[in-house]
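1. need a structure here:
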Amino acid sequence: MTSSRSALLQAAVDVFTERGYEAATVAEIAERAGVTTGALYSHFHGKLDLLLQSLGLRSMEGLAEGSLSGAAWARPSSVATVVAHQMATAPAPETTLLLDVIVAARRDPKLAATLRRLLALKISEFVAATERSIDAGTISPGLSTDDLARFMTMVAFGNMVLAVMGERLPPERAFVEVMGQLLFGADGAAESGPTDILAGVALAASTSRQSRASFEQAVAAASDAGHSLRRIAQAAGVSHEHVRRIVVNRVAPTG
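-> Numbering: from 1, shown residues only. Predicted coordinates for the structure are as follows:
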């Protein structure tokens with residue numbers, strides 16, 4: 001069961017890379033994986049589901065789950081360097097397939113709506129990860145957490161565009177300087193002491209209500225679209241119970 005799923009995911013990446021998202025067919029992917037079309041549909045809803053799960057939206061997810069987590073974020077002096085290294089690294093060739101989906105979404109309202117919901121979830125996930133880092137005292141950004149998340153998402157997409165065009169990315173040292181300013185205020189002082197850390201906590205308090213509202217709206221949109229609470233929780237990196245409370249509170253009568 002697991003091997004068939006893995007084979008389908010790899011076949012999907014191969015076929016999408018060779019033919020592009022719109023030209024690829026479910027039948028071709030199933031044949032490449034050595035399974036029937038029926039077996040494919042027992043694992044995935046269709047072509048879009050295959051693409052999103054095979055890529056995992058790594059272009060944005062990597063920033064949220066990789067850049068804003070791990071032991072390196074316990075040391076303020078290394079934060080900008082860790083993030084800059086990831087941003088200065090060219091994406092895997094298959095990751096740029098997300099650009100194909102964006103182009104296709106211009107002609108497919110249903111696909112566009114799906115991408116908007118996924119993007120909203122990823123931005124909310126990034127906001128939550130940023131706030132955890134602020135609470136831990138490892139960053140004190142000069143932007144609101146929502147603005148920072150959107151800026152980083154924009155950079156991730158720009159990274160893909162440059163890769164597709166065969167253009168070089170800015171050097172890592174340039175990203176280190178930029179990220180120092182973004183993550184530690186205008187002076188980029190990653191090691192300037194507790195004052196900046198307290199400023200970061202104050203900023204987190206002032207923006208937390210906005211970010212929570214954004215996250216809850218994204219969860220509600222995913223629920224309205226028919227996604228299960230389990231899958232929403234997995235996408236957002238929170239507990240199933242947390243998602244359930246958001247959905248229940250949203251539909252609970254106020255009077």
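2. alpha carbons only for contacts and neighbour counts from here, please
-> Will do.
3. what distance separates the helix or strand that contains residue 49 from the centre of its chain?
-> Using DSSP states H and E, the element containing residue 49 is helix 47-55. Chain-centre distance of helix 47-55: 14 Å, with Cα atoms, centre = their mean, to the nearest Å.
4. same question, stretch 235-242
-> A distance of 15 Å separates the centroid of the chain from that of stretch 235-242, by Cα atoms, centre = their mean.
5. who touches that stretch?
-> Stretch 235-242 is contacted from outside by 121-122, 124-125, 229-230, 233-234, using Cα atoms under 8 Å, 6 or more residues apart in numbering.
6. Then stretch 41-59?
-> 5, 9-10, 12-13, 16, 25-26, 91, 94-95, 98, 156-157, 160.
7. now stretch 166-173
-> The set of residues external to stretch 166-173 that reach it, using Cα under 8 Å, 6+ apart, is 84-85, 87-90, 159, 162-163.
8. Which positions within it qualify as buried?
-> 169, 172 (16 or more other Cα atoms under 10 Å).
9. what do you get for stretch 235-243?
-> 235-237, 240, 243.
10. Endpoint to endpoint, that stretch covers what distance?
-> End-to-end span of stretch 235-243 (Cα to Cα, to the nearest Å): 11 Å.
11. how far out from the middle of the chain is that stretch?
-> Centre to centre, stretch against its chain (Cα atoms, centre = their mean), the figure for stretch 235-243 is 15 Å.
12. what mean pLDDT does it have?
-> Average pLDDT, stretch 235-243: 76.
13. now swap in stretch 144-151 and tell me
-> Over the span of stretch 144-151, the pLDDT mean works out to 90.
14. Now find how far off-centre that stretch is within its chain.
-> 13 Å.
15. Please put the alpha-carbon coordinates of that stretch into CSV.
-> Taking Å, rounded to 0.1, in the frame of the first residue of the first chain, the C-alpha atoms of stretch 144-151 are listed here in CSV:
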residue,chain,number,x,y,z
SER,A,144,4.4,42.4,11.8
THR,A,145,4.4,38.6,11.7
ASP,A,146,1.9,38.6,8.9
ASP,A,147,3.9,41.0,6.8
LEU,A,148,7.0,39.0,7.4
ALA,A,149,5.3,35.8,6.4
ARG,A,150,4.1,37.3,3.2
PHE,A,151,7.5,38.8,2.4
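16. in it, what counts as buried?
-> In terms of neighbour count (16+ other Cα under 10 Å), stretch 144-151 has its buried residues at 144-146, 148-150.
17. do the same with stretch 155-164
-> Of all the residues in stretch 155-164, those buried under the rule 16+ other Cα under 10 Å are 156-157, 159-160, 163.
18. who touches that stretch?
-> Counting by Cα under 8 Å, 6+ apart, 59-60, 87, 90-91, 95-96, 99, 168-169 sit against stretch 155-164.
19. Turn the residues you listed into JSON lines, including pLDDT.
-> Shown next, in JSON lines, are the contacts of stretch 155-164 (pLDDT from 0 to 100):
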{"residue": "59", "pLDDT": "37"}
{"residue": "60", "pLDDT": "37"}
{"residue": "87", "pLDDT": "81"}
{"residue": "90", "pLDDT": "81"}
{"residue": "91", "pLDDT": "80"}
{"residue": "95", "pLDDT": "75"}
{"residue": "96", "pLDDT": "79"}
{"residue": "99", "pLDDT": "85"}
{"residue": "168", "pLDDT": "87"}
{"residue": "169", "pLDDT": "87"}
